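Engineer: Structure for the following, please:
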Amino acid sequence: MSKITEIENAIIQMGDGDFQKFCDTFLSSKAQYGLIHGFGMKAGTAKTTIGNPDTYFRRNDGKYIFVVYTTQQARIFSKIQEDIEKCFDPSKTGVQCADIAEIVCCHTSSNLSAGDDKKLHELCNLKDIKLTIYGVDEIAQQVYRDYPSLARDFFGISIDTNQIVDVADFVHLYDSSKTAAPLNTVFQDREELEILKQRIRENEVVIVHGPAGVGKTRIVIEAIKNVASADGYRLLCIKNNNLPIFDDLISYTNRPGADRYLFFIDDANEFTELNLILDYFKKDTSKFKIVLTVRDYAKEGVNRTVLKNVHPSLLEIKPVSDEAIRKFLDVNLNIRNEQFVDAIVQIAEGNLRIAYMAGQIAIESNSLDAVHDATQVYEQYYASVVDQGVGNDTELCLTAGVLSLVKAVMLDKLDYLNEILKIADINTERFRSNIDRLFRMEVVEIHMDQVAAISDQCLSNYMLYYVFFLRKMIPFSVVLTNGFLYFRNGVIQSVNTLLNIFSKREVRDYMKEEVIKTWNHFHDNNTAYYEGFARVFHMFWPEEAFVIAKEKIDKIEQQALNGKRIDFKRNAFRNEDEVLGFLTGYHMTIHFNTAMDLFMEYANKSEENAVTGLNWLKKYYGFDLRENCADYYDEIIITKKMGSSGMMVGKKIHQHQCLS
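Structural biologist: Below is the predicted model of the structure:
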C-alpha cells in the first residue's frame, strides 16, 4: 500500500469533528503560504464556527472564503449543493454574496461525478463566486507532497524523516521544551533584527552566533519570516533527528508552488550532515539561502565547515540588556512589580530563558522569596543536563567548579591554581584534559586555543552551587583559604553569586560557617591575610568585625576640635577602608546601631576623620527612597544619634547634612 493510499484511508475513517479539525489545519497551512488560489492570506485568520459555514478565511482585501466539510458518502452531490446554498443565505452567514470570494468544499466521498462537479461550479458562477472542491484523493496527494507533518500529527504516518518542517511546526516543537523561552511571544524590537534581514538578502549563508539564552533563535525566526514573506521564499526549518536527510532535501525542494527556498538550521553544530546539506545547496545558489544559529563556543567549527562551500556572513547576538528583559517580562508575562522585575533581572544575567522561567515561577508562587532564590529556576533548567553529563564524573565536576570560581583560565598559565587543584586531587595535565572533554560536551568554550571558560554564565553560576554546596566536593572553607591567596576576585565574586542567586537559608548558614572557619584559620596562622579577609567578609561575623574596628579606632590619636569650624567640602585623605570598611552593609539590620556608634567614635577623632566619615556615610548609607517601606529605619537612627550626640563632630555633621 502506498503512503498516499494510507493517508486517503485514514481520512475516510475520520468522524465529522476530526475531519473538520484536520481540514482546518490543512487549509490554514495553505493560507499561511499564500497557496489558496494565490491569495495572500493572513496567518491566523481561519475561524472555526458552529453553523454555516463550518470555517471561514478573511482575505487581505476584506472578502471571505467560506469552507464546508462533509464525511457523507451517499448523495454527495445533494449534500454539497445544500451546503453551498446555505453559504448563499445572509440570514445564516451574516455575509452578503457580494462579499464572498470563494467557497471551498472538502469531502471524503469517491462518488462525485464529473457532471455533478460541473453543476456545482455553475451554481457558484451564477453568484460570481469561485468554487474549489477537495476530494479525499486530492487532499491525500497534497498532504503527501506538501504537508507531511499533517500525516504524522493526525495519523502517525511518517512520509519522511521529519527533519524538515514549516516554521509553525518548528515553533511548536521548540516551545514544547521546558528549558526554553518560548518563540511564540510578542517580539521585542532589537537592533540586530534589521541587520540580520539585510545580511540574509545580501548573502547565501548567514551564521548567527552568541551565548546560550540570548534570543538567537527568536531573532532569526522573526527575520526569516519577514524576508520570506516580502521576497517570495518558501520558508523551511531543519531540525536534527540524526537520520539521513538527503532524500528529504530533494523531496522538499522539487515541489510546485515555490522556486526559491529559505532554510533555517538551529544549533547547526549538532548536524552531522551539515556538509551534505551545504554541498546540495551550493549546486544552485540562486535558489537557496540558509540561516544557521550556533553558540559562540562552536562558532569556529561551523564556520570552517561552511567555508568549504561558501563564504558566510557572521552576525553576533549579544546578551540581552536589563531593560530588554524588563520589557519582555512586561509584554509577555504581564510582570510589572519592580521588586519582582529587579529580582528576575538579577537572576537572568542577560539570559531570556532564565528570565522567562523565573517569571513563570513568580506568577505561579506570587512570592518574592521564590524569585530571589533562583535555585528552583536553575535546577529546572540545568539539573538534568548536569546530572546526566558532568555530574557522573567527579573530576569533570571539580574542573567545572574551578572554572566557575576563576571565570576563565589561560591553559598555559595554570600555576596559580596548583594549590586548589592539589586539594581536588587533579594535576594540571588532567585539568587541561578535563577542559578538553568539557569543550567536546559543549560546556566549555576555548578561545584562540588558549583561553577556556564555561560557555554559559548561568551554567557557571549553577556549577558553583552544584559542586561547592549541593555536593560539597571540597569544603568551601578550603576554597576560601586558597582562593583568597591566589584568585581573590574570583572567590569574592563566587561568594556573592551563591548568596545573591541561591539565597536559601541553608546556603547562607553553610557560607557563614565556612567563612568563620577561614577567618579563624587566617587569625591563627597567617596574620598578613587575616585583616584583609575579615574586612571583605566582615558581615558574616559582625561581632568580631566590630571588635577589630574598635581596636583600630582606639589607636587613632585624638585631636582637639573644640571651637573649630570644620570645612566638609575640603578633601581628606584618610583610607576609609582601614576602619569604616568593617562598618558597611548593615542597612536595616540589628547591627546598624552598633555600626553607627563606632562611626561616631571614628568621626570624632579628628577633622580629617570627620570629613572622611561624612563622605563615607553619604556613599554607603545615603538617603534612599526605597527605604520608606521600613519607615526610614536607618535615616532616623543616624539623625537621632547625630542630633543628640554629645560629640561636637556628630552635631556638625548633622548640621551639614541638614543644610545640604
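
Engineer: give me the element L480 is part of.
Structural biologist: Per DSSP states H and E, L480 falls inside helix 476-486.

Engineer: Could you pull out the buried residues of the helix or strand following that helix?
Structural biologist: Once the chain leaves helix 476-486, the next helix or strand it forms, by DSSP H and E, is helix 488-501. For helix 488-501, a neighbour-count test (16 or more other Cβ atoms under 10 Å) marks 490-491, 494-495, 497-499, 501 as buried. (C-beta placed from N, C-alpha, C; glycine too.)

Engineer: Identify, by residue count, the longest helix of the protein.
Structural biologist: Counting residues, the longest helix found in the chain (DSSP state H) is helix 505-525.

Engineer: for it, packing partners?
Structural biologist: helix 476-486, helix 488-501, helix 527-536 (3 or more Cβ pairs under 8 Å, 6 or more residues apart in numbering; DSSP states H and E).

Engineer: For that helix, give me every contacting residue.
Structural biologist: If you take Cβ atoms under 8 Å, 6 or more residues apart in numbering as the criterion, helix 505-525 is touched by 465, 469, 475-477, 480-481, 484, 495, 498-499, 529-530, 533-534, 537, 540-541, 544.

Engineer: so how far is that helix off the chain centroid?
Structural biologist: Distance of helix 505-525 from its chain centroid, counting by Cα atoms, centre = their mean, to the nearest Å, is 35 Å.

Engineer: what's the angle from that helix to helix 527-536?
Structural biologist: Here helix 505-525 runs at an angle of 150 degrees relative to helix 527-536 (axes from the mean of the first three to the mean of the last three Cα atoms, to 10 degrees).

Engineer: pLDDT averaged over helix 505-525, what's the number?
Structural biologist: Regarding helix 505-525, the rounded mean pLDDT is 92.

Engineer: and I245, how many neighbours?
Structural biologist: If you count neighbours by other Cβ atoms under 10 Å, I245 ends up with 23.

Engineer: Ramachandran angles for the residue lying closest to G135 once chain neighbours are set aside?
Structural biologist: Spatial nearest neighbour of G135, chain neighbours left out: H107 (6.1 Å); criterion: Cβ to Cβ, 6 or more residues apart in numbering. Backbone torsions of H107, given as degrees, to the nearest 10, read phi -140, psi 170.

Engineer: gap between H107 and D54?
Structural biologist: To D54, H107 is 12 Å away according to Cβ to Cβ, to the nearest Å.

Engineer: Format the helices and strands packed on helix 505-525 as a markdown table; extra columns: distance to I207.
Structural biologist: Listed next are those as a markdown table, based on distance: least, Cβ to Cβ, whole Å:
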| stretch | distance to I207 |
| --- | --- |
| helix 476-486 | 38 |
| helix 488-501 | 32 |
| helix 527-536 | 43 |
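
Engineer: Looking at these, which is nearest to I84?
Structural biologist: With Cβ to Cβ as the measure, helix 488-501 is the member of the helices and strands packed on helix 505-525 nearest I84 (63.9 Å).

Engineer: Packing partners of the closest one?
Structural biologist: Helix 488-501 packs on helix 338-348, helix 394-406, helix 457-465, helix 476-486, helix 505-525, going by 3+ Cβ pairs under 8 Å, 6+ apart.

Engineer: which stretches of this protein form strands?
Structural biologist: Ranges of strands in the chain, per DSSP state E, are 47-48, 55-58, 64-70, 100-107, 130-134, 164-165, 205-210, 234-238, 261-265, 288-295, 313-316, 409-410, 444-447, 451-454.

Engineer: From the chain's centre, how far out is the fifth one? Work that out for me.
Structural biologist: Strand 130-134 sits 45 Å away from the centroid of its parent chain (Cα atoms, centre = their mean).

Engineer: again with the second one
Structural biologist: What separates the centre of strand 55-58 from the centre of its chain is 36 Å, taken as Cα atoms, centre = their mean.

Engineer: Pairing partners for that strand, with directions?
Structural biologist: Strand 55-58 sits in its sheet next to strand 47-48 (antiparallel), strand 64-70 (antiparallel), going by DSSP bridges.

Engineer: got JSON lines for those, with mean neighbour count, mean pLDDT and distance to I420 too?
Structural biologist: Listed next are those as JSON lines, based on neighbours: other Cβ atoms under 10 Å; pLDDT from 0 to 100; distance: least, Cβ to Cβ, whole Å:
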{"stretch": "strand 47-48", "mean neighbour count": "12", "mean pLDDT": "42", "distance to I420": "63"}
{"stretch": "strand 64-70", "mean neighbour count": "24", "mean pLDDT": "92", "distance to I420": "69"}
